[in-house]
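Return a 3D structure for these sequence lines:
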Amino acid sequence: MDSIVKKIDHTLLKPGAREEDLKRLCTEAKQYGFTAIAINPCWIPLCKKELEGTGILIVATVGFPLGQMLTETKAGECEDAINAGAGEIDMVINLGKLLSGDEDYVFKDIKAAADCCHRRGIKCKVILETALLTEGQIVRACEIAEKAGADYVKTSTGFNGPGAAVEHVRLMRKSCGSAVKIKAAGGIRSLSQARAMVEAGADRIGTSAGLAIAAELEAEG
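All right, here's what the predicted structure looks like:
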C-alpha cells in the first residue's frame, strides 16, 4: 500500500467518542498500518493496552482545542500524558497571546511543553491554527515554535476554522529549518487531499478519514 498510509495519524478527538469507538480506532490502525493514533489523553491507558506490541504510536493532545490554559497546566498535561503512555504530544499554541503580540509568552508556553517531551525522549508537535492567521503570522509562529524546540509544526486542531490548506503547508515548510517537520490536519478527507499536503511538504497527516483514504488506495490497486 502507498507509503502515505505510514504518514497518517488516525484520529478520534470527538468529545462524545466512547470506549468502543476508541477500541475500533486501534483495530483500524493495526489493520491498515497507520503510524499513529491521535486521541484525547483520558483514553491513553485503554489504547496502550489495545496497541501493545504493535509499535503504533499514541499521540496525545495537550491544551486541546483552545490552547488557553496556563502554561504550567499544559506542561502538567504533557507529563501526565507521557506517564500514561503517550509516544508523541500535539499541543495547541496560545493563539490569543500570539495575536496580542506577546511573543515571549508564546515562546515560553511552547518551550515548557517541548522541554517536557524532550526530557522523556518524545516529539512535540505545535498546533498553530493556520486558518486563523495571516501569512505573516504563520511565518512568525513557525519561527517562535522552532526556537522553542518544536519538533513539528501542525496546521490545525480541526475544531477552529476550515483546517489545513496546501498553501499554508507550503509556507510552513519554507518558514522552518529542515529539522522541523510539518503535520497537516483539519479537513483532510480524501487521498487527493492527503497527497497534495505531502507534495506541499507535510511529513504527517492527521485525519479522521484514514479508512476512506486507505480504501481509495486499495481501489487504485
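
buried sites along the biggest helix by length in the chain?
The helix spanning the most residues in the chain, taking DSSP state H as the definition, is helix 103-119. Within helix 103-119, the residues scored as buried using 16 or more other CB atoms under 10 Å are V106, F107, D109, I110, K111, A112, A113, A114, C116, C117. C-beta coordinates here come from the backbone N, C-alpha and C atoms, glycine included.

Over to stretch 82-90?
I82, A84, G85, A86, G87, E88, I89, D90.

Name the nearest of the buried residues of helix 103-119 relative to Q137.
Ranked by distance to Q137 (CB to CB), the buried residues of helix 103-119 are led by V106 at 11.0 Å.

quick check, I89 in a strand?
Yes - per DSSP: H, G, I helix; E, B strand; the rest coil, I89 lies within a strand segment.

Nearest residue to the residue nearest to the spatial centre of the chain in space, ignoring adjacent ones along the chain?
Per CA atoms, centre = their mean, the C-alpha nearest to the average position across the chain is that of D90, at 4.6 Å. Nearest residue to D90 in three dimensions, chain neighbours excluded: K125, at 4.6 Å (CB to CB, 6 or more residues apart in numbering).

for that neighbour, phi and psi?
Phi and psi for K125, reported as degrees, to the nearest 10, are phi -100, psi 140.

All further residue positions should be reported with the first residue as 24.
Happy to do that; since the first residue is 24 now, the last one works out to K148.

Look up which residues are beta-bridged to it.
Beta-bridge pairing for K148 (DSSP bridges): D113, Y175.

so what's it up against?
K148 makes contacts with V82, E111, I112, D113, M114, A173, D174, Y175, V176, K177, K206, as judged by CB atoms under 8 Å, 6 or more residues apart in numbering.

7 Å instead, please
K148 sits next to E111, I112, D113, D174, Y175, K177, K206 when contact means CB atoms under 7 Å, 6 or more residues apart in numbering.

R193 too?
By CB under 7 Å, 6+ apart, the contact set of R193 is A223, G224.

tally of neighbours for G172?
18 (other CB atoms under 10 Å).
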